[in-house]
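In: Sequence and computational prediction follow.
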Number of protein chains: 2
Amino acid sequence: MAQKPSIPKGTRDFNPEQVAKRNYIFDTIRGAFETYGFQPIETPSFENSDTLMGKYGEEGDRLIFKILNSGDYLAKANEKAYSEKDSNKLTSSISEKALRYDLTVPFARYVVQHQNEIEFPFKRYQIQPVWRADRPQKGRFREFFQCDADVVGSKSLWQEVEFIQLYDAVFTALKLGGITIKINNRKILSGIAEVIGASDKLIDFTVALDKLDKIGEEKVKEEMLGKGISEEGISKLQPLFTLSGSFESQIHSLESILNASEEGKKGIEELAFINKAIKELGLQTAALQLDVTLARGLNYYTGAIFEVSAPEKVKMGSIGGGGRYDDLTGIFGMKNISGVGISFGLDRIYLVIEELGLFPETVTKNIEVLFINFGDDEALFSLKAIKQLRLQGINAELYPDAAKMKKQMNHANKREIPFVVLVGDEEMKSNTFTLKNMNSGEQFKLSLQELINHIK
Amino acid sequence: MAQKPSIPKGTRDFNPEQVAKRNYIFDTIRGAFETYGFQPIETPSFENSDTLMGKYGEEGDRLIFKILNSGDYLAKANEKAYSEKDSNKLTSSISEKALRYDLTVPFARYVVQHQNEIEFPFKRYQIQPVWRADRPQKGRFREFFQCDADVVGSKSLWQEVEFIQLYDAVFTALKLGGITIKINNRKILSGIAEVIGASDKLIDFTVALDKLDKIGEEKVKEEMLGKGISEEGISKLQPLFTLSGSFESQIHSLESILNASEEGKKGIEELAFINKAIKELGLQTAALQLDVTLARGLNYYTGAIFEVSAPEKVKMGSIGGGGRYDDLTGIFGMKNISGVGISFGLDRIYLVIEELGLFPETVTKNIEVLFINFGDDEALFSLKAIKQLRLQGINAELYPDAAKMKKQMNHANKREIPFVVLVGDEEMKSNTFTLKNMNSGEQFKLSLQELINHIK
């Protein structure tokens, strides 16, 4: 193979620095999940195709990576599809497994499959990669990690309260102050649709409303008209477009708009409960904001809807989201299990932290000290010391070859190793170590214990 | 879907306890890798097929999971293979990507692709899943993790010395005393084959010798005869079958056997160097043993060969292995890069630790305290305390619903939560907390600070 090798488009290699930075984010999220009582599960990278297919809509089905059956897979190929050369129809007969598309459906499958072993309410978290055959573009990959936490088996609104605290805890720990947690409620959206006589057009209505930020009030109204929502109905929406002020004052306005809708009033009640609790409990660095235009994953959510925005100074889409769903496991035949969950967008969080220069300097866990190799006797003497350093938790290594000193020092410089130890005849005789600080250039002659203390 | 969902054969769900135990092993290995100066990289789950195919022999090619191309994949299908319904020949035209089969080939690809960014010698570790379409059986899975550490760009034998120390460090940290690190050298095997006039039958010879433990001396000799190795040659092997005693005395015997082979003598020299260094440096709990029958992956290794056996009281195959290879990156056109590496077998290490009851009790990182929920006022009061506990790093949670007390206490029992806190009217008035130790049944009335101190 003369050609330089490459990787599939939309996938990535991660070098040591990138892995270390990603692990810093994972570890922070994982730590918060555990402090909040969530427990980890892991599911296989591929599922039976019928577990995944049909769960994400037609577009989703197309984006799922299918795994070719092993062996003589054509022997079982659907004959009609084969003779018609119909890729779509042939697939299910030559591919029985597929890479997971998200963590939610595998989680639902897990809950149903293991329902007799699970103690409900079940608070689980899951940090694993997912795969989508999406067109790769900036910030969108074909393999990426999702970090999800969900509770199933309880309708308590205290969960929503805790998830807001959890978002606050994670982003505070990441030193990413100034994020906004936007919240809405599916029942508010249903209530508004009801009030304006467009209950049957809930999706069209919310899709249009969701664009308010981007295209402005007039265009949103035009789109609604175009979708068959009446002028009269739209006029009732007017207070929505000017909704502003505190959470409480927005709630107050919504109360007058939604007075005629039982479902809408229930949504307001839920939002008010959550807001009051968060007010009492306080957030460390995040802000909670009511956003009635928020509608992500509407088909799916039945109560609270969350979305997290990066600090204003950074141009970035949402860095997290979630909400309550009342029938997650229904697709696998287990009814009436309510759930609520949130997700963290690792790749975007990484970009935000990078842009703001907020990765701690210590994150890369580089080795702390390199011993220069002057020959076998010196190397053995050095390895005895290195053994002690390592037992003290100091990351240390010996340059493997007795190469020229300059080459070894260059190696230390390129890898940004802070300390170098030189062991020659004299040091071996006196059982000492010459330590060089690579930043300051200072040199010290130290005993082993002094060396350990100095590096620590 | 009425049927209870399931997962593909050979794959596994991991529940919270299993994830925690696996992470304990991963974290221990990762910690040792970093202390020894190895840096993490990660590569994509799938590679371009031509990166993987042809690298693992015919059997390996069959066991690689192929990913079906997206969209109308049949449009580009090889017409001849399609009309002949030849699965084997069709595959490359409808599948361009495949799941990685091990971490070694992706690592070689990484080194070649990123050679200009890498500072050599490059010490990398990689802990990621791999996939094989193997027939599932006890302890063999279609998705499993590999934990590899390799150094490329140096021929120094100090690396071999350090890898032996690294094995010792990891298994000592896992409290898995009594493992044996077996070592051999490809050059010894080549030397023996040369001496007995069977250089052209090196593979047959080593495959037979490798079975000595299992089938005994006579059958090994029979197999060699059957493969065309002469009686005279086999008679020269006699001292090999009775090789025993210390590393040094075995080396001594080998010296007389291999006196006529330059390559064999070089192998002895290498082994003696490594053994002397390890003697000087000392191992914590492992034993180093010379095993001239060890031949794993012979096609591949060019110098040292390692294999780790579990403590004798456990029946288990090897729990780790590795060796030196002199042309890893040659398959991608980058010549003369020597490497040496070792691998840890996570699943088997897990089984050994489980069987010996060596997982620390604290490994599951369960929550430490559950607050019983008596209603919204009590819940809010509790969450204020929980917030403080969590800031102190205590894993704490509120039962989400104001369910019957008995149900909530049962929940605490089933999850084996050590402490429960009860907050009622009285506690709220006096700003105290009733803590119940679920093991002893004792109850204490405590202030928030006392509560924190008690749980910590």
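Out: Looks like it arrived, so ask away.
In: pretty sure residue A:446 contacts residue A:430?
Out: No. Under the criterion of CB atoms under 8 Å, residue A:446 lies out of contact with residue A:430, with a separation of 10.9 Å. C-beta: built from backbone N, CA, C; applies to glycine.
In: So for these two, which sits in the more crowded spot?
Out: Using other CB atoms under 10 Å in any protein chain shown as the criterion, residue A:446 and residue A:430 rank with residue A:446 on top: 18 against 10.
In: show me the contacts for the more buried one.
Out: Residue A:446 makes contacts with A:432, A:433, A:434, A:435, A:454, as judged by CB atoms under 8 Å, 6 or more residues apart in numbering or on different chains.
In: Then residue A:248?
Out: Counting by CB under 8 Å, 6+ apart, residue A:248 makes contact with residue A:275.
In: would it count as being in a helix?
Out: Yes. Assessed by DSSP: H, G, I helix; E, B strand; the rest coil, residue A:248 belongs to a helix.
In: In CSV, list the C-alpha atoms belonging to the worst-scoring helix or strand of chain A on mean pLDDT.
Out: For chain A, using mean pLDDT, DSSP states H and E, the weakest element among its helices and strands is helix A:238-241, scoring a mean of 83. Output for helix A:238-241, consisting of C-alpha atoms alone and laid out as CSV, is shown next (Å, rounded to 0.1, in the frame of the first residue of the first chain):
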residue,chain,number,x,y,z
GLN,A,238,-49.9,38.7,20.0
PRO,A,239,-48.9,38.7,23.7
LEU,A,240,-46.6,35.8,23.1
PHE,A,241,-44.4,37.8,20.7
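In: what about the helices in the stretch 1-150 of chain A?
Out: For the stretch 1-150 of chain A, applying DSSP state H, counting those that start in this stretch gives helices covering A:16-35, A:49-52, A:57-63, A:79-84, A:87-94, A:104-113.
In: Show me what the mean pLDDT comes to for the fourth one.
Out: Per-region confidence: helix A:79-84 scores 96 on mean pLDDT.
In: For it, could you pull out the residues that count as buried?
Out: A:81, A:82 (16 or more other CB atoms under 10 Å in any protein chain shown).
In: outside of it, which residues touch it?
Out: Counting contacts by CB under 8 Å, 6+ apart, the residues outside helix A:79-84 that touch it are A:74, A:86, A:88, A:89, A:90, A:93, B:85.
In: try it again with 7 Å
Out: A:89, A:90, A:93 (CB atoms under 7 Å, 6 or more residues apart in numbering or on different chains).
In: which of the helices of the stretch 1-150 of chain A sits most buried?
Out: Among those, helix A:104-113 has the highest mean neighbour count (mean count of other CB atoms under 10 Å in any protein chain shown), at a mean of 23.
In: hmm, back to that, reformat the contacts of residue A:446 as a markdown table; add distance to chain B and neighbour count.
Out: Formatted as a markdown table, those follow (distance: CB to the nearest CB, whole Å; neighbours: other CB atoms under 10 Å in any protein chain shown):
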| residue | distance to chain B | neighbour count |
| --- | --- | --- |
| A:432 | 19 | 17 |
| A:433 | 17 | 24 |
| A:434 | 20 | 17 |
| A:435 | 17 | 19 |
| A:454 | 18 | 14 |
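In: which one of the contacts of helix A:79-84 is nearest chain B?
Out: Distances from chain B to the contacts of helix A:79-84, taken as CB to the nearest CB, are shortest for residue A:90 (6.8 Å).
In: which residue packs closest to the closest residue to chain B within the stretch 151-300 of chain A, ignoring adjacent ones?
Out: Shortest the stretch 151-300 of chain A-to-chain B distance, computed as CB to the nearest CB: residue-wise this is residue A:156, at 3.7 Å. Nearest in space to residue A:156, with sequence neighbours left out and distances taken as CB to CB, 6 or more residues apart in numbering or on different chains, is residue B:400 at 3.7 Å.
In: What distance do you get for the one you found to residue A:303?
Out: As judged by CB to CB, to the nearest Å, residue B:400 and residue A:303 stand 14 Å apart.
In: Alright, I will stop here.
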